[in-house]
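1. give me coordinates for this.
(2 chains, ligands or ions: 2)
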Amino acid sequence: MTLADLKPGDKAIVKGWSSSVPPLRLMEHGILPGTVVEIVRFAPLGDPVDIKVRGFHLSIRKEDAAQIILETEFPA
Amino acid sequence: MSKSSVHTNLKQVAKLKRVALIGNPNVGKTTVFNVLTGMRQKVGNYPGVTVEKKTGRMDGEVPIEIIDLPGSYSLSPKSLDERIAYDVLSGHLANEPRPDLVVCIVDASNLERNLYLVTQVLDLGLPVIVALNMMDAAEAAGLVIDLKLLSEKLGVPVLPMSASKNEGIGKLKYQIRRTDLTVAPERSWTLMPAVEVEIPALIQILAEEAPKVPERQRFIEVLQCLTSDTMLDYWNKWAPNFQKEVQQARLRLLSNKVPYQQAEVIGRYGWLSPLVAQVVTRKKNVGDASVSDKIDAVLTHRVFGPLFFGLILLLIFQAVFSWATPLMDLIESSVIGLGAIIRASFPAGMATDLLVDGVVSGVGNVVVFLPQILLLFFFLGLMEDTGYMARSAFIMDRLMSRVGLGGGSVVPLLSSFACAIPGIMAARTLANPKDRLITIMVAPLMSCSARLPVYTLFIAAFLPTGKVLGLITFQGLAMFSMYLLGTVMAFVASMVLKRIVFKGESSFFAMELPPYRMPRFKQIFWRMIDRSKAFVIRAGKIIFGMSIILWGLARFPVTEPSAEIALLRSSADTVFEQRVDSLASIGVPYAEASEQIGAEMASRYRRVDAAEAGFQIEHSFIGKIGHTLEPVMRPLGFDWKISAGIVSAFAAREVIISALATIYSVGDVGEDSPLLREKLKADTYPNGDPVYTPLVAVSLLVFFVLALQCMSTLAIAKRETNSWKWPAVMWLYMTGLAYLFSLIIYQGGMALGWG
Ligand SMILES: Nc1nc2c(ncn2[C@@H]2O[C@H](COP(=O)(O)OP(=O)(O)OP(=O)(O)O)[C@@H](O)[C@H]2O)c(=O)[nH]1
Ligand SMILES: [Mg+2]
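-> Numbers count the residues shown, from 1 in each chain, chains lettered A, B, ... in the order given. Ligands and ions are numbered 1, 2, ... in the order given. Modelled structure (predicted):
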């Protein structure tokens, strides 16, 4: 499952990246294996998506979100 | 600046203590900079407001130089503005030593992500102070931060503050003035072991090959080089062996499947996350959804979001185009009044003509647009300061990506409605160089405020009044169409550029959505004032100079009227004398008789004067230029006067107004029609056909929407793209588009019988 598959309000733990060269920029924002991410909402036209990570809001494109692989178990 | 003052400045800089402010975008760096230096740099609640470094002076017994840097999330440069920050801090710039002190401005309400950059700065081995800004916001969010523990862990002073409320600034000033600050301690975090083992050897080589790099800075240089291609290229020139070794280390790591690019991020966050967990506690009683989240639920809502965005745009247009009118009328009538006063108090003659027709009306015709520009900057400032600007990018990203741009281009393009120059500069915040270049290339198609005067004049003069469907005025709709045309063309152009020039590259988009904040009207007000000042000075310089030149071009060479016109005058004189004589013969005193006949023949003489003046202009330099161009411009519906106006507007669009004012007021001696638009309406070809039909006006308007008539835009595009190639392409494609569209419109309209 990837971040793009979640629905608004869902939380999940990041497991890793589907691409061999992970987007450094997202990592610098603190999106790393083990980080909890929450989908806040999708933009009116369905893309990009507003996610909450480490207490702040970041908007990223769905195609980039689809590269973020999630753990199967959900955070408490 | 004179030569000597440059010299003394350099001397002082050498002694000055230099303090750099760095931090993530939108954490209040510029706000801190402004309170420290008493300057007024632009502040906005939008990531990436500062795109260049700015320097200022903090006064005191020993003045200190403060450097405001563009916000960056990381010191590993990936975009141009981030590179600037790293270059300044690492001393990579020629003639500029490393700063003596770095103040890291940190958003206290978002500590973890902010501290990532701080750990990088600590590794530079410079004295560091951490300024924990936005304490008010952190408190409101229910965060309690153990300052003492944080300071202990980082090994540098940590100062709480709320810069926008002026709290905590005194302590920061005190710390900045201290002379006994020691450098930040060495790192206490580690890389993954496979990467860590490569470091010492690389440090060794760098030390040998580039001994200038300070010892404590070597580690971070090695790390940057290992993970960032930009920095790898940099060392190619300065330390080729080092660069080769790094490349080999990369290959080794790669063959062992070590994800070395991630090593730094994982290492730093691995150290930071537990630290932050220890230092920050969250009060229980504060609700989960903040006010900001609640506002966002509405403003980025599926339905209300776009609706609201559309409403905001409409409101801005409404304000700029109708609320500004009363003020503009006031300015217009004062300018006319001023001209009359000058004429009344100076002797008639060439100097007075120059003053009134050239200078006063030239500058007046531009200053008249100040109210609109003020309003535009007010709304843009409001959007930026509240944080709505970032939401507009969020809402628009999908649409923008369809045309080859991204949500990040929304703001540069929106700013270009005010002026392409800040718009082009704002494109620096785009991480992807292709996105940035495309944005720069299409930004000048957005209708800037300099086009407004032209739109206003021609729409008001030549398009019908009345309402469409009883709702919107026809003229308002026309104005909106001009903006729409420019915007649509910008999208088309970017689509074409993306398809043809930058085939197959996708853009990356990651933008922070800052919390909503109350706008600070004082800030917005000052920015409006600064912008208007810049505008008026521009009007003062370019327009003033151009007005004088144009006046001269229209006035010279002085030409004797043609035989035909001379005959008109001499026959008028003959009639005049005969009638005066016949009155005198019945006993009317000569003076009284000539006054009476003069009044009776006033309109005849006025026609003669106008014919003479028209002849003069037609044979003046500007007339010659216009005539030379007329064959090329005729198919667009433009006569020699409009052609001359377009030529004079090459440097700056709004000049066409003063050019036409010059051409027409010099050619018109009557006092009945002081307004330029009346004069334009009254102008006819020799056969009696009006020069300006609505079709000509539309053709001219479209030409101004699309043509690149602005030296400053070309200059800034050259600076930002670092070559003349792109500005040249820009000028050619825009002017080509303008000619093509005007041609199609005029010829099409004529064919349909709308002429
Ligand atoms: N609540 C609160 N807001 C602040 C504080 N300091 C600054 N702000 C606001 O934060 C926003 C960003 O301020 P700037 O000074 O432009 O930030 P910057 O770091 O220079 O931003 P960039 O140049 O874009 O990197 C503005 O809306 C400020 O009014 C503070 O202490 N508390
Ligand atoms: Mg700033």
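
2. how many neighbours does the residue of chain B found nearest ligand 1 have?
-> Here chain B gets closest to ligand 1 at one residue, B:G71, 2.6 Å apart by Cβ to the nearest ligand atom. Where you see a C-beta, it was placed from the backbone N, CA and C, and this is true even at glycine. For B:G71, the neighbour count with other Cβ atoms under 10 Å in any protein chain shown is 27.

3. for it, helix, strand, or coil?
-> Counting by DSSP: H, G, I helix; E, B strand; the rest coil, the backbone at B:G71 sits in coil.

4. that one and B:G23: what is the separation?
-> Distance, B:G71 to B:G23, by Cβ to Cβ, to the nearest Å: 6 Å.

5. who touches both of the two?
-> B:K29 (Cβ atoms under 8 Å, 6 or more residues apart in numbering or on different chains).

6. report whether the worst-scoring helix or strand of chain A on mean pLDDT contacts chain B.
-> Using mean pLDDT, DSSP states H and E, helix A:24-28 stands out as the lowest-scoring helix or strand of chain A, at a mean of 86. Yes. Judged by Cβ under 8 Å from any Cβ of the partner chain, helix A:24-28 comes into contact with chain B through A:L24, A:R25, A:L26, A:M27, A:E28.

7. could you point out which element follows that helix?
-> strand A:36-42 (DSSP states H and E).

8. list the buried residues for that next one?
-> A:V37, A:E38, A:I39, A:V40, A:R41, A:F42 (16 or more other Cβ atoms under 10 Å in any protein chain shown).

9. out of those residues, which is nearest to chain B?
-> Among the buried residues of strand A:36-42, A:R41 lies closest to chain B (Cβ to the nearest Cβ), at 6.4 Å.

10. report the longest helix in chain B, please.
-> In chain B, with assignment by DSSP state H, the single longest helix is helix B:725-751.

11. make sure B:C710 is actually in contact with B:P444.
-> Yes. Shown here, B:C710 and B:P444 form a contact pair, counting by Cβ atoms under 8 Å, at 7.0 Å.

12. if you count surrounding residues, which of those two has more?
-> Per other Cβ under 10 Å, whichever of B:C710 and B:P444 has more neighbours is B:P444, with 30 against 25.

13. how much space between the more buried one and B:I656?
-> B:P444 is 17 Å from B:I656, by Cβ to Cβ.

14. for the closest residue to ligand 2 within chain A, name its beta-bridge partners.
-> Going by Cβ to the ion, ligand 2 is nearest to A:F56 of chain A, at 17.9 Å. Beta-bridge partners for A:F56, by DSSP bridges, are A:V53.

15. what distance do you get for it to ligand 1?
-> Counting by Cβ to the nearest ligand atom, to the nearest Å, the separation of A:F56 from ligand 1 is 14 Å.

16. wait, what's in contact with residue 35?
-> In the absence of a named chain, chain A is used. A:I13, A:V14, A:V53, A:R54.

17. actually, chain B is the one I wanted.
-> B:A163, B:N166, B:I169.

18. that one: which element?
-> Counting by DSSP H and E, B:V35 is part of helix B:29-37.

19. so where is chain A shaky, pLDDT-wise?
-> Applying pLDDT under 70 to chain A flags residues A:74-76.

20. where does it come near chain B, residue by residue?
-> By Cβ under 8 Å from any Cβ, the part of chain A that sits against chain B consists of A:21-30, A:32-33, A:40-41, A:43-48, A:50, A:54-61, A:63-64.

21. quick one: buried ones out of the residues you listed?
-> A:22-30, A:32, A:40-41, A:43-45, A:47-48, A:50, A:54-61, A:64.

22. which neighbours do B:C710 and B:P444 share?
-> The contact lists of B:C710 and B:P444 share B:A420, where a contact means Cβ under 8 Å, 6+ apart.

23. and stretch B:744-753, which residues are buried?
-> Those would be B:I745, B:Y746, B:G749, for stretch B:744-753 by 16+ other Cβ under 10 Å.

24. can I get these in TSV with distance to B:D530?
-> Formatted as TSV, these follow (distance: Cβ to Cβ, whole Å):
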residue	distance to B:D530
B:I745	39
B:Y746	41
B:G749	43
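
25. ok, those residues vs ligand 2, which is closest?
-> Among the buried residues of stretch B:744-753, and counting by Cβ to the ion, the member closest to ligand 2 is B:I745, at 43.7 Å.

26. distance of the closest residue to the closest one other than its chain neighbours relative to ligand 2?
-> Distances taken as Cβ to Cβ, 6 or more residues apart in numbering or on different chains place B:S699 nearest to B:I745, at 5.0 Å, with adjacent residues excluded. Per Cβ to the ion, to the nearest Å, B:S699 is found 43 Å from ligand 2.

27. what residues does the helix or strand harbouring B:S699 touch?
-> Here B:S699, judged by DSSP H and E, is contained in helix B:694-706. In this structure, residues lying in contact with helix B:694-706 by Cβ under 8 Å, 6+ apart are B:445, B:447, B:451, B:454-455, B:458-459, B:461-464, B:478, B:482, B:485-486, B:489, B:636-638, B:642, B:646, B:653, B:656, B:734-735, B:737-739, B:741-742, B:745-746, B:749-750, B:754-755.
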